[in-house]
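Asks: just a sequence and a predicted model for now, questions to come.
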Amino acid sequence: QLHLVESGGGLVQPGQSLQLSCEASGFLLDRYAIGWFRRAPGKERESVLCVDSSGGDVVYADSVKGRFAVSRDNAKNTVYLHMNTLKSEDTGVYYCAADAGNRWSMCRGDLYPYWGQGTQVTVSS
């Protein structure tokens, strides 16, 4: 059974950094593209970034370009979301999702069938 677990969320001040983890079990994460998505209070879910199975190709949402990055540790079956220069508008529940298909770069949540439970990120002074 495919299972994803996000961790690392918390409360930070604007301008600070935070790293989220997405750990997989039941499958080899390096065979799947991973998407990070978020849902802010009162808003629809939006994409943050998506990365291919090799980690070499990344699609970023405009709102996070230059501030967020992603890395993969295949030995730990884990993907990391590195968030820098955080802003209040980055507040939300962050989800990782996995897709084995070839449309990962569209970075649309409806194309990713496997999801974690989410982790809360709050950016506030």
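Replies: Sure, I can see it.
Asks: for the rest of this, base every contact and every neighbour count on C-alpha atoms.
Replies: Will do.
Asks: now the one residue sitting closest to the centre of the chain, what are its backbone angles?
Replies: The chain has W36 as the residue nearest its centroid, 2.4 Å off, counting by CA atoms, centre = their mean. In terms of degrees, to the nearest 10, the main-chain angles of W36 are phi -110, psi 130.
Asks: which ones are touching it?
Replies: Contact analysis of W36 by CA atoms under 8 Å, 6 or more residues apart in numbering lists S47, V48, L49, C50, L81, Y94, Y95, C96, A97.
Asks: now, these that are in strands?
Replies: S47, V48, L49, C50, L81, Y94, Y95, C96, A97 (DSSP state E).
Asks: CSV for the residues you listed, including neighbour count and pLDDT?
Replies: What follows is the ones in strands among the contacts of W36, written out as CSV (neighbours: other CA atoms under 10 Å; pLDDT from 0 to 100):
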residue, neighbour count, pLDDT
S47, 23, 97
V48, 26, 98
L49, 26, 98
C50, 27, 97
L81, 22, 98
Y94, 26, 98
Y95, 27, 98
C96, 32, 98
A97, 26, 97
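Asks: just those now: which is nearest S125?
Replies: Checking the ones in strands among the contacts of W36 against S125 with CA to CA, the nearest one is Y94 at 19.7 Å.
Asks: give me the neighbour count for the closest residue to that closest one other than its chain neighbours.
Replies: Excluding the flanking residues, the one nearest Y94 by CA to CA, 6 or more residues apart in numbering is R38, at 4.3 Å. When neighbours are defined as other CA atoms under 10 Å, R38 has 24 of them.
Asks: could you check the distance from R38 over to E46?
Replies: 6 Å (CA to CA, to the nearest Å).
Asks: tell me the bridge partners for S71.
Replies: Using DSSP bridges, the bridge partners assigned to S71 are Y80.
Asks: neighbours of it, how many?
Replies: Neighbours around S71, by other CA under 10 Å: 16.
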